[in-house]
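In: Give the three-dimensional model of this entry:
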Amino acid sequence: MAIWDFANPTRFVRLVDRTLPWLVTACVIAFGIGLYKSFFMAPEDYQQGDTVRIMFIHVPAAWLAMMCYSVMALSSLGTLVWKHPLADVSAKAAAPLGAAFTFISLITGSLWGKPMWGTYWVWDARLTSVLVLFIMYLGLMALWRTMEDPIKAGKAAAVLTLVGALNLPIIKFSVDWWNTLHQPASVIRMDGPTIHPDILVPLLVMALAFTLLFFTLHLMAMRNEVMRRRVRAMRLKAAAGPRAASATAAPQPAE
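Out: Numbering: from 1, shown residues only. Predicted coordinates for the structure are as follows:
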């Protein structure tokens with residue numbers, strides 16, 4: 001089944017209604033298993049102690065912060081290149097979620113950084129680039145709110161989103177390009193993860209739970225946006241009706 005099969009908003013809403021119960025169930029199960037493994041089964045770190053458990057929230061939130069923006073970038077291509085009618089809906093729905101995940105990443109990173117680095121914040125490359133990502137999310141959300149026409153707003157936001165996507169490789173490779181306090185990648189590596197399985201497994205389960213949470217909330221937000229646009233279209237049509245009728249009934253000037 002091609003993605004264009006869901007270009008019809010009515011068909012898409014029906015798909016969401018069928019899919020959401022399964023997604024919610026999977027999300028709850030994943031969070032239940034992940035939180036139990038993270039806070040009751042995973043061992044303490046020999047250096048960080050129980051502080052390492054912040055990782056089970058911080059790292060998935062950081063991953064999802066970048067994934068949300070990647071979804072927005074792909075949706076922006078769908079808006080500008082393929083003209084998919086739901087692409088800008090997807091991008092608009094993902095922005096608040098990405099901002100929330102980025103905010104969680106920044107807050108938990110600060111809480112984790114205090115005992116490890118002795119400070120809540122340092123202006124290193126990774127932290128600064130993630131802060132820029134958060135500001136970009138807020139800017140895109142503001143752009144959508146300042147333009148009344150959702151089609152025009154979607155096109156303008158798509159251009160800005162694609163320009164901002166240049167920040168994603170900076171975030172990813174900042175620990176390799178510059179001297180930062182962050183450790184290098186320890187999960188996604190060519191030679192395999194360097195984290196012990198007792199910590200890696202709960203981390204991956206929590207990453208799955210966060211991902212399922214994103215898709216659940218994203219589909220719900222897209223459905224709400226489709227409904228919001230339908231209401232807007234009906235209001236515009238209702239407002240245009242009396243104007244058209246009054247124009248028709250207006251007396252014609254005498255010749």
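
In: Contacts only, for the nearest residue to residue 93 once chain neighbours are set aside.
Out: Leaving out its chain neighbours, the residue that sits closest to residue 93 by Cβ to Cβ, 6 or more residues apart in numbering is residue 221, at 3.6 Å. All C-beta spots, glycine's among them, are computed from the backbone N, C-alpha and C. The contact partners of residue 221, by Cβ atoms under 8 Å, 6 or more residues apart in numbering, come to 93-94, 96-97.

In: got a list of what residue 100 touches?
Out: Applying Cβ under 8 Å, 6+ apart, one finds that residue 100 lies in contact with no residue.

In: run the last query once more with 10 Å
Out: Residues counted as contacts of residue 100 (Cβ atoms under 10 Å, 6 or more residues apart in numbering) are 61, 64-65, 68, 134, 137, 214, 217.

In: is it possible to export the residues you listed to JSON lines including distance to residue 107 and pLDDT?
Out: JSON lines is the format used below for the contacts of residue 100 (distance: Cβ to Cβ, whole Å; pLDDT from 0 to 100):
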{"residue": "61", "distance to residue 107": "9", "pLDDT": "97"}
{"residue": "64", "distance to residue 107": "14", "pLDDT": "96"}
{"residue": "65", "distance to residue 107": "12", "pLDDT": "96"}
{"residue": "68", "distance to residue 107": "17", "pLDDT": "97"}
{"residue": "134", "distance to residue 107": "11", "pLDDT": "97"}
{"residue": "137", "distance to residue 107": "15", "pLDDT": "97"}
{"residue": "214", "distance to residue 107": "18", "pLDDT": "97"}
{"residue": "217", "distance to residue 107": "19", "pLDDT": "97"}
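
In: Tell me which two of those residues sit farthest apart.
Out: By the measure Cβ to Cβ, 134 and 217 form the most distant pair in the contacts of residue 100, at 17.8 Å.
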